[in-house]
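**Q** This is a predicted model, with the sequence first.
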Amino acid sequence: MKTHIGTFLSIGSPAVTELAAECGFDWVLIDLEHGCESEAALPNQLRALRGSQTLAIVRVSAPHPDLISRVLDWGADGIMVPHVNTVAEAQHCVDAAYYPPKGHRGVSRTVRAYGYGMRLPAGAMPKPIILAQIETADAVANADQIAAVEGIDALFIGPADLSYDLKARNSPLPYDDCVNTIVKATKVHGKGCGILVRHADDQAKLLEMGFTWLAMDSDLSLVREGFKRNLAAARK
C-alpha cells in the first residue's frame, strides 16, 4: 500500500497551502475543525493546490452531510471526519460523500470540482477519499468494524484526543495498545492507517508498524517553534 506523506494546515493561508504543494507533499489536511480560518476561506486554499499533485483532504468540523457535500463540490479530493466512534457514524460519512447508489450526495454539474461545468466526468463519478478519525476508547473498541465499512479508506488516529479520552474516562487501556489495535484492524481489512507525527524521529517506527498516512506536524506548530527558536537565539 502506498505511503502518503502530508502535513496539517491550520493557519488557513492560501500561500502556505501553495508552498506545501511546491515542497511536494503527497497530501495536505486543511483543518476546519481546529484551524484558524472559517469555511469561507476554504475555496482559495483549494485553488492554491490547482495544477499540483498534492491531494486536498479537508477535515470537516462535524459529519454534517451538507458540509461534506459542499467541501467535495468545491474540489477537495477527500475528507477527514473527527470522532467516528461507531459503524453507523462511519456509514453516515460514506452516505454523505458518495453519489447514489452508494450514498446520498446531491449531483451538480456546475460546481468547482467539475470546472463549473467545463470538465464533466466522462465515466464514473470521482471516488472521494474518506479518513475516519479514531480518537476515543469507544472508537478503538469498534475499530475493526469501522475499518470494514466499504468506502472508508483509512483510520486516522488523533493522538491528542485519544490520550485525553483515555485519561478522562480512567480507561485501563494503555495508549500504545489502542494504537496497535487500530493498526491491526486496518491491516485485516486492507485499509490505510494514519496519524499526526509531531516528531520526525518517530516516522521510521510508524512506517514499520504499517502506517500509510503520515501527517508531518502542522504549519502552525512549525511557525511557532521557528519563532521561539529564532527569538531565543537573538536574545542570547
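**A** Yes, it's here.

**Q** where's the residue nearest to the spatial centre of the chain, which helix or strand?
**A** For the chain, the residue sitting closest to the mean C-alpha position, by C-alpha atoms, centre = their mean, is Met80 at 3.7 Å. According to DSSP states H and E, Met80 maps onto strand 78-81.

**Q** what packs against that strand?
**A** Packing partners of strand 78-81 (3 or more C-beta pairs under 8 Å, 6 or more residues apart in numbering; DSSP states H and E): strand 55-59, helix 65-73, helix 87-97, strand 129-134. From N, CA and C alone the C-beta is placed, and that goes for glycine too.

**Q** Reformat the ones you listed as a markdown table; add mean neighbour count, mean pLDDT and distance to Ile5.
**A** Putting the helices and strands packed on strand 78-81 into a markdown table (neighbours: other C-beta atoms under 10 Å; pLDDT from 0 to 100; distance: least, C-beta to C-beta, whole Å) gives the following:
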| stretch | mean neighbour count | mean pLDDT | distance to Ile5 |
| --- | --- | --- | --- |
| strand 55-59 | 25 | 98 | 11 |
| helix 65-73 | 19 | 97 | 22 |
| helix 87-97 | 20 | 98 | 23 |
| strand 129-134 | 26 | 98 | 14 |
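
**Q** since we're on Arg235, how many residues are nearby?
**A** 6 (other C-beta atoms under 10 Å).

**Q** before we move on, back to that, and the strand holding Met80, which strands flank it?
**A** strand 55-59 (parallel), strand 129-134 (parallel) (DSSP bridges).

**Q** now the first one: how far from the chain's centre is it?
**A** Using C-alpha atoms, centre = their mean, to the nearest Å, we find the averaged C-alpha position of strand 55-59 to lie 6 Å away from the chain's own average C-alpha position.

**Q** Okay, buried residues for the helix ranked longest in the chain please.
**A** If you go by DSSP state H, the chain has its longest helix at helix 219-234. Neighbour-count burial for helix 219-234 flags 219-220 (criterion: 16 or more other C-beta atoms under 10 Å).

**Q** tell me the mean pLDDT for it?
**A** Throughout helix 219-234, pLDDT has a mean value of 97.

**Q** For burial, what's the neighbour tally of Ala160?
**A** Residues near Ala160, counting by other C-beta under 10 Å: 12.

**Q** what angle do the host helix or strand of it and strand 129-134 make?
**A** Per DSSP H and E, Ala160 falls inside helix 159-168. Angle between the axes of helix 159-168 and strand 129-134 is 30 degrees (criterion: axes from the mean of the first three to the mean of the last three C-alpha atoms, to 10 degrees).

**Q** what angle separates the following helix or strand past helix 159-168 from strand 129-134?
**A** The helix or strand immediately downstream of helix 159-168 is helix 175-188, counting by DSSP H and E. Interaxial angle, helix 175-188 versus strand 129-134 (the same axes, to 10 degrees): 150 degrees.

**Q** Packing partners of the following helix or strand past helix 175-188?
**A** Using DSSP H and E, the helix or strand that follows helix 175-188 towards the C-terminus is strand 192-197. For strand 192-197, the packing partners by 3+ C-beta pairs under 8 Å, 6+ apart come out as strand 4-9, strand 154-157, helix 175-188, helix 203-209, strand 213-218.

**Q** Return the most buried member of those.
**A** strand 154-157 (a mean of 25; mean count of other C-beta atoms under 10 Å).

**Q** Pull up the pairing partners for that one, direction included.
**A** Sheet pairing for strand 154-157, using DSSP bridges, gives strand 129-134 (parallel), strand 192-197 (parallel).

**Q** out of the ones you listed, which comes closest to Trp74?
**A** With C-beta to C-beta as the criterion, Trp74 lies closest to strand 129-134 of the strands paired with strand 154-157, at 14.9 Å.
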